[in-house]
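Asks: Any chance you could fold what I've pasted below:
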Amino acid sequence: MMAVKSHNSLLKKHSQSDLVSRLKSRKILGVGGEDDEGEIHRSKISQMLGNELKYALHEPHGLRCWQFTSAVTFTIAGILTLVSPRMLHGWLLQEEYRPSCEASLRLHGGALLSISLILWSAFYTSEKAIIRWTLLSETFYFIVQFLVTLVSAVDQGLFSQDAGVLLLSYALFGTFSGFYYLQVGRKPKKI
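Replies: Numbers count the residues shown, from 1 in each chain. Okay, here's the model as predicted:
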């Protein structure tokens, strides 16, 4: 009987030390438990591999569609500006074409194509920081374009219907980009 009791007590003691050891291992690995925000920790290995759910992107409805639309728009505008700056000059500025403007328009087309490459990269990523910075850059681009177009139209006294359409499109594109920038930055609602 004594041998059976000591055997049970050894097993019990051994299982308690296993439990403590397991809890210590889980604490070291960062598995289980909650932080101040109520997020459940996953293993440090998962965190290092980049599989942390806390940093997963919660995509607002229409984000990918907007990113695609922006990338296509910037690509087409950049190619058109590089290939035929004369056509764009007449449509945008509503004045006679001057050869001295061709180089600056082509540079603008190159800048638009560069921005489109960044937009295409952001379209294919799921990293929140990259998407947010891209949307913020796009928003500021449209704000600057809006202000430059508005000031130029007022200075030249040429406030045509085309300039109004252009201003409206810059305002809408800037608003959409700013809206998605704010939406991607929001924390998802707890379920």
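Asks: what's the next secondary structure element after the lowest-mean-pLDDT helix or strand in the chain?
Replies: Every helix and strand of the chain was ranked by mean pLDDT, DSSP states H and E. The lowest is helix 44-49, at a mean of 56. Downstream of helix 44-49, the first helix or strand assigned by DSSP states H and E is helix 63-83.
Asks: how about that next one: buried residues?
Replies: For helix 63-83, a neighbour-count test (16 or more other CB atoms under 10 Å) marks 63, 66-67, 70-71, 74-75, 77-78, 81-82 as buried. In this view, the C-beta of every residue, glycine as well, is placed from N, C-alpha and C.
Asks: pLDDT averaged over it, what's the number?
Replies: The average pLDDT within helix 63-83 is 93.
Asks: Put the alpha carbons of it into PDB.
Replies: The C-alpha coordinates for helix 63-83 follow below in PDB (Å, rounded to 0.1, in the frame of the first residue of the first chain):
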ATOM      1  CA  LEU A  63     -10.700  49.600 -51.100                       C
ATOM      2  CA  ARG A  64      -9.300  47.300 -53.700                       C
ATOM      3  CA  CYS A  65     -11.600  48.600 -56.300                       C
ATOM      4  CA  TRP A  66     -10.500  52.200 -55.500                       C
ATOM      5  CA  GLN A  67      -6.800  51.100 -55.600                       C
ATOM      6  CA  PHE A  68      -7.300  49.500 -59.000                       C
ATOM      7  CA  THR A  69      -9.100  52.500 -60.400                       C
ATOM      8  CA  SER A  70      -6.400  54.900 -59.100                       C
ATOM      9  CA  ALA A  71      -3.600  52.800 -60.500                       C
ATOM     10  CA  VAL A  72      -5.300  52.500 -63.900                       C
ATOM     11  CA  THR A  73      -6.100  56.200 -64.000                       C
ATOM     12  CA  PHE A  74      -2.500  57.300 -63.100                       C
ATOM     13  CA  THR A  75      -1.100  54.800 -65.600                       C
ATOM     14  CA  ILE A  76      -3.300  56.000 -68.500                       C
ATOM     15  CA  ALA A  77      -2.800  59.700 -67.700                       C
ATOM     16  CA  GLY A  78       1.000  59.100 -67.400                       C
ATOM     17  CA  ILE A  79       1.200  57.300 -70.800                       C
ATOM     18  CA  LEU A  80      -1.000  59.900 -72.500                       C
ATOM     19  CA  THR A  81       1.100  62.700 -71.200                       C
ATOM     20  CA  LEU A  82       4.300  61.100 -72.300                       C
ATOM     21  CA  VAL A  83       3.100  60.100 -75.700                       C
END
